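Engineer: Give the three-dimensional model of this entry:
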Amino acid sequence: MSGFDSISSSSAVSFARCALLMLAMVSLSAASEPAPATITTTEGKSFEKAFVVSESMDGIAWVIDDPRSTAKFEKKAGQYSVEYKQSRNTSLLKGDNASGKDPEGAIVSYTQALAECKYDWEREHAYVGIARAAEVSKKYDDGIQAIQGLEKEFPKSLRLPEATYLKGRLLVLKGDKDGALKVMQGLRGHDKDWGVGAGALGVLGIGELLSADTKFKEAATELAGWFPAKINPATNPDEFARIGLALAQYELKSGGEANAIVDFRTVAFSPCSPDQQARAHLGWARLLADQAVPASQLSAFDHAAIAASLKGQNDPSTRTEAVRLATGLVAKIKEQGANDNAKNALQIEYKTYLSRF
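Structural biologist: This next block holds a predicted model:
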């Protein structure tokens, strides 16, 4: 194939993708079908043969047994949980399968899915899928266009906070920092109507923008206004942990090590995911390991061991780094002949762990 043919082929793919997206947006004027799902209410009632008529920030409406039923049940946001049945749309499934290894192919598949999918949740998933794949493949305009499609068709979608945050990231990658800041500030301001989790994502985005300009103190001030007082770890554990971990890093870079230890401790003992707990314990351990005090190094080993041993982690890099730190601490403490008490404490109190390091 000649160079001209190669360029033409690439242009054709891009044109086809744009044409598909336009076709998909036109097709969305048709009413969607009720989607099969399992609905569980906060009262503990479960409806396994439910069909979701609509779902948004305002709540959910569904029918039972027959999607044509007129007997609708409704719940406000926070009064239910929903689990949609697995999609059978081939294009959507292809997009999911390709997203990690072939992001450009994923964009094409997700765009095709937009023209085919008959359920709202599938189309919302496809819009966000395009945006995520566009971030990886550096097709930033494609991603921004997809999020604009989501905003237009589903102005109260539950996925808007995630999509808006992603839109801000895409604008940064495109080189439009001012546009990204406006998006993140708008997202922060949605904490009253979209929920505190959405506002937290905006705060995270603003912190990232300030940090990118080495304004670490300003970034820390932005996040400190939310963590821990403004966001509840019980209801928003992921956002709580993400803000806490980011705040700790900004405070470290602006000279606030004592505050960073408090932040790591707060996240480590919060009900967040094992991955986030492990990152918090590892950050905590690193700071203690830098202190030339035997008790601090023993405590550092303790937290490094916890970071390496937490069950349910999906991030191997955190575990690897925690093992490396713990191993180095064992060697350091054993070499400190003058600190026999510390050496003995390590051998006695942590006998179970030593065989692992």
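
Engineer: any chance you could read off phi and psi for the spatially closest residue to G244 that is not a sequence neighbour?
Structural biologist: Among residues not flanking G244 along the chain, V267 sits closest, at 4.0 Å (CB to CB, 6 or more residues apart in numbering). Where C-beta positions appear, they are placed from N, C-alpha and C, glycine not excepted. Dihedral pair for V267: phi -70, psi -40, per degrees, to the nearest 10.

Engineer: my guess is V267 contacts A278, does it?
Structural biologist: No - counting by CB atoms under 8 Å, V267 stays clear of A278, with 10.3 Å between them.

Engineer: Among these two, which residue is more densely surrounded?
Structural biologist: Set side by side, V267 and A278 show more neighbours around V267, with 28 against 24, by other CB atoms under 10 Å.

Engineer: which residues touch that one?
Structural biologist: Each residue near V267 by CB atoms under 8 Å, 6 or more residues apart in numbering is listed here: 240-241, 244-245, 248, 276-277, 279-280.

Engineer: could you check the distance from it over to Q277?
Structural biologist: As defined by CB to CB, to the nearest Å, V267 lies at a distance of 7 Å from Q277.

Engineer: for the stretch 51-200 of the chain, which spans come out with low pLDDT?
Structural biologist: Scanning the stretch 51-200 of the chain for pLDDT under 70 picks out nothing.

Engineer: Can you list the residue ranges for strands in it?
Structural biologist: Using DSSP state E, counting those that start in this stretch, the strands of the stretch 51-200 of the chain run over 59-64, 73-76, 80-84.

Engineer: what does the shortest one contact?
Structural biologist: By CB under 8 Å, 6+ apart, the surrounding residues in contact with strand 73-76 are 39, 41, 47, 58-64.

Engineer: run the last query once more with 6 Å
Structural biologist: Contact with strand 73-76 is made by 59-62, as judged by CB atoms under 6 Å, 6 or more residues apart in numbering.

Engineer: Going by neighbour count, which of the residues you listed are buried?
Structural biologist: Among those, those buried by neighbour count (16 or more other CB atoms under 10 Å) are 60, 62.

Engineer: from the contacts of strand 73-76, which single one is nearest W226?
Structural biologist: G59 (26.0 Å; CB to CB).

Engineer: Now that closest one. Nearest residue, chain neighbours left out?
Structural biologist: Nearest to G59 is K76, by CB to CB, 6+ apart, at 4.1 Å.

Engineer: Alright, calling it a day.
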